[in-house]
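In: coords please:
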Amino acid sequence: METKKSPLRTLSVLLTVAVLFGVLACLPVGAEEPLTEGDYEYTVENGEATITGYTGEGGDVVVPSTIGGYPVKAIGRNAFHYYDELTSVIIPDSVTKIGNSAFKSCRMKSIKLSANLEEIGEEAFYYCNIDSITIPASVTSIGELAFGFCGLASITVQTENPNYESVNNCLIEKATNTLLRGCNDSIIPDSVKVIGVEAFSGCELTNIVIPEGVTTIGDGAFISCDFTNITIPNSVTSIGDSAFDGCALLVSIKLPNNLKSIGECAFEECWSLESITIPASVTSIGENAFSYCLNLTSISVQAGNPNYESVNNCLIEKATNTLLRGCNDSIIPSNVKVIGENAFSKCSGMTSIVIPESVTTIGDGAFSFCVDLTNITIPNSVTSIGDDAFYLCYQLPNIVIPDSVTSIGNEAFSNCDSLANIVIPDSVTSIGERAFSYCTALTSIIIPDSVTKMGFDAFEQCDGLTIYCEADAKPEGWDEDWVVIYNLDITVEWGYQPPETPATIGNLNGDGTVNANDYMMLKRSVLGTFMLTDEQLTVADVNADGDVNANDYMMLKRAVLGTFMLPTA
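Out: Model (predicted):
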């Protein structure tokens, strides 16, 4: 009996064939899969081979001059990258080009370059352990970061090279007088105009003199170096991004009088830096320029600077009234509108700070890693709390979020493991990912029905927490995994309605208990930085004299401390 073919099956086969031919038609003419010979993968173009991969056991490697009958002309992009079992490599004289990242992170100790090499790609030997390098006379191009983080002890350029030279163990591009790479014992020549990108990255420098004549210190130029002080000449007008990032032993630095710009993260994680003076000439300071400088005790700006000022040990951008960096003992001025990204990050000696009514935004990481912070006052003017704003403030026992705040950022209070009391006002519409993760002291929290957006795992690892949601069911804008229970004891109650209870003297925030949140609200009211509602004024009048003042605050504080018994309503 003859079997009939299904029309649908026939159509399916025809479509498959059509798609296959369509894909083949889109492939570039002459495109080939990499070929393999021995430990190498390679491609061939115009009769010349490019090594594209290595599968050998490492050790001492001699790259072949021919493969598959073709001369090896190039080491391709990423050909050996992250192959950390190499100890040495010899590149044959047939090779004229080494591609980007070709030997990146290989950790080998030595390399012999081709005598006919013309191009060395970007990051070609980045993060290798090479002791010394000799650049052939034939090289015409060296890519950015070609020898970054190499820990070189010796750099030599063959004398016939018209493009590059080596002086005092410094690799220099002649046309621009740019120092591309230095060593631990380099002396920067007087001819240098630019210290290039990551020129001394990872060098164990304990002392370096930057000569007069240098105008630019490039991005990451001295990243993670070990010197304790450095003088920058007046000829320098620009300090690049991360130029001194991670110089943990740097205690002092004198910035030049002609400096115009300080890049992002320029002095980030200079943990030992004690003071900084910004010259009057500076017109631009990048984000996080001084973040994580945990021993910074003094910030000053020279008089006459039209762009920046220092007030109460705070560095402030005038045009935006943004506080860029503060110290442990800073007092935030009353004109500040924005507390910038990481402005007080790692101010580990800070125990208390008052944010003035002028502030509208607490930026990302603003108080992150303030591990000694136990008391902070947020005014009613603040509308947003940024990502990681109070990350790892693990001694902060409670915080009052004012009813002006509309958004709480990702991980805003993450790892605040002493945080036992927090009230989310019904002005809040958005709570970010992991906003309260690892707040292990929290036992209950009320989510008002104003919250229309909730990020992933907002209460991660909050074991024993009961979440009271005023919404009847999960709102559409909440992440599907807004709470991930795993094996944790987390309870969610929907449709929560606060019980009708008589007003309790001293319970200003209406959460049913009298605690530090209440006396902090009353203190702010007495200081004139917070306005109480009529209902709150009624329960705030502790001594029932018809007036809410400092006497009521002191009585309420004593009650919370257990030295005074509050009257009943």
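
In: Count the residues that sit near Ile445.
Out: Close neighbours of Ile445, defined as other Cβ atoms under 10 Å, add up to 19. The C-beta positions use only the backbone N, C-alpha and C, and glycine is treated the same way.

In: how deep is Asp219 tucked in, by neighbour count?
Out: Neighbours around Asp219, by other Cβ under 10 Å: 23.

In: Likewise for Gly546?
Out: Gly546 is flanked by 6 other residues according to other Cβ under 10 Å.

In: Roughly how far does it sit from Leu537?
Out: 10 Å (Cβ to Cβ, to the nearest Å).

In: next one: Asn507
Out: 13 Å.

In: quick one, which of those two is more surrounded?
Out: It is Asn507, of Asn507 and Leu537, that has more neighbours when counted by other Cβ under 10 Å, with 21 against 15.

In: Who are the contact partners of the residue lying closest to that one once chain neighbours are set aside?
Out: Among residues not flanking Asn507 along the chain, Val514 sits closest, at 5.2 Å (Cβ to Cβ, 6 or more residues apart in numbering). Applying Cβ atoms under 8 Å, 6 or more residues apart in numbering to Val514 gives the contacts Thr504, Ile505, Gly506, Asn507, Leu556, Ala559, Val560, Leu566.

In: wait, doesn't Asp417 sit right on Thr440?
Out: Yes: Asp417 is in contact with Thr440 according to Cβ atoms under 8 Å; the separation is 4.8 Å.

In: picking that back up, in which helix or strand would I find the residue nearest to Asn507?
Out: Per DSSP states H and E: Val514 is located in neither a helix nor a strand.

In: and it, what pLDDT?
Out: pLDDT recorded at Val514 is 88.

In: nearest residue to Asp403 other than its sequence neighbours?
Out: Pro425 (3.8 Å).

In: what about the one you found, neighbour count?
Out: Other residues close to Pro425 by other Cβ under 10 Å number 15.

In: and it, backbone torsions?
Out: phi -70, psi 160 (degrees, to the nearest 10).

In: ok, now Val526?
Out: Dihedral angles (degrees, to the nearest 10) for Val526: phi -70, psi -40.

In: ok, it - contacts?
Out: Contacts of Val526 (Cβ under 8 Å, 6+ apart): Val548, Asn549, Ala550, Asp552, Tyr553.

In: if we go to 10 Å?
Out: Leu532, Ala540, Val548, Asn549, Ala550, Asn551, Asp552, Tyr553, Met554 (Cβ atoms under 10 Å, 6 or more residues apart in numbering).

In: if I look at it, how far off is Asn549?
Out: 6 Å.

In: okay, and the common contacts of the two?
Out: Joint contacts of Val526 and Asn549 (Cβ under 10 Å, 6+ apart) are Ala540.

In: Tell me how many other residues surround Gly38.
Out: Neighbour tally, Gly38, other Cβ under 10 Å: 10.

In: isn't it right up against Val63?
Out: No: in this structure, Gly38 is not within contact of Val63 by Cβ atoms under 10 Å, at 11.0 Å.

In: what's the overlap in contacts for those two?
Out: With Cβ under 10 Å, 6+ apart, Gly38 and Val63 have common neighbours Tyr54.

In: Any regions of this structure where pLDDT drops low?
Out: By pLDDT under 70, the low-scoring segments of the chain are 1-32, 487, 499-502, 569.

In: Pop the domain breakdown of it in here.
Out: 36-156, 317-498, 502-569 (automatic domain parsing).

In: From start to finish, how long is the second one in a straight line?
Out: Right, the one you point to is domain 317-498. Length of domain 317-498, first residue to last, Cα to Cα, to the nearest Å: 45 Å.

In: Might you calculate how far it sits from the centre of the chain?
Out: 19 Å (Cα atoms, centre = their mean, to the nearest Å).

In: same check, this time on the shortest one
Out: Using Cα atoms, centre = their mean, the distance from the centre of domain 502-569 to the centre of the chain it belongs to is 41 Å.

In: just the first one next, same as before
Out: Relative to its chain's centre, domain 36-156 lies at 32 Å (Cα atoms, centre = their mean).

In: now swap in stretch 249-267 and tell me
Out: 19 Å.

In: In that stretch, which residues are buried?
Out: Leu250, Ile253, Leu255, Pro256, Leu259, Ser261, Ile262, Gly263, Glu264, Cys265, Ala266, Phe267 (16 or more other Cβ atoms under 10 Å).

In: Let's have the residues you listed in JSON lines, adding secondary structure and distance to Ile230.
Out: Converted to JSON lines, the buried residues of stretch 249-267 look like this (DSSP: H, G, I helix; E, B strand; the rest coil; distance: Cβ to Cβ, whole Å):
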{"residue": "Leu250", "secondary structure": "coil", "distance to Ile230": "7"}
{"residue": "Ile253", "secondary structure": "strand", "distance to Ile230": "6"}
{"residue": "Leu255", "secondary structure": "coil", "distance to Ile230": "10"}
{"residue": "Pro256", "secondary structure": "coil", "distance to Ile230": "11"}
{"residue": "Leu259", "secondary structure": "coil", "distance to Ile230": "14"}
{"residue": "Ser261", "secondary structure": "strand", "distance to Ile230": "18"}
{"residue": "Ile262", "secondary structure": "strand", "distance to Ile230": "14"}
{"residue": "Gly263", "secondary structure": "coil", "distance to Ile230": "16"}
{"residue": "Glu264", "secondary structure": "coil", "distance to Ile230": "19"}
{"residue": "Cys265", "secondary structure": "coil", "distance to Ile230": "17"}
{"residue": "Ala266", "secondary structure": "coil", "distance to Ile230": "13"}
{"residue": "Phe267", "secondary structure": "coil", "distance to Ile230": "11"}
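
In: Closest one of those residues to Val167?
Out: Pro256 (23.5 Å; Cβ to Cβ).

In: got the contact list for the nearest residue to the closest one once chain neighbours are set aside?
Out: Excluding its sequence neighbours, the residue lying closest to Pro256 (Cβ to Cβ, 6+ apart) is Asn234, at 4.4 Å. In this structure, Asn234 makes contact with Glu212, Leu255, Pro256, Asn257, Asn258, Leu259, Pro279, Ser281, judged by Cβ under 10 Å, 6+ apart.

In: Just give me the neighbour total for Asp481.
Out: Going by other Cβ under 10 Å, the residues that sit close to Asp481 add up to 12.

In: er, Asp403 actually
Out: There are 16 residues near Asp403, going by other Cβ under 10 Å.
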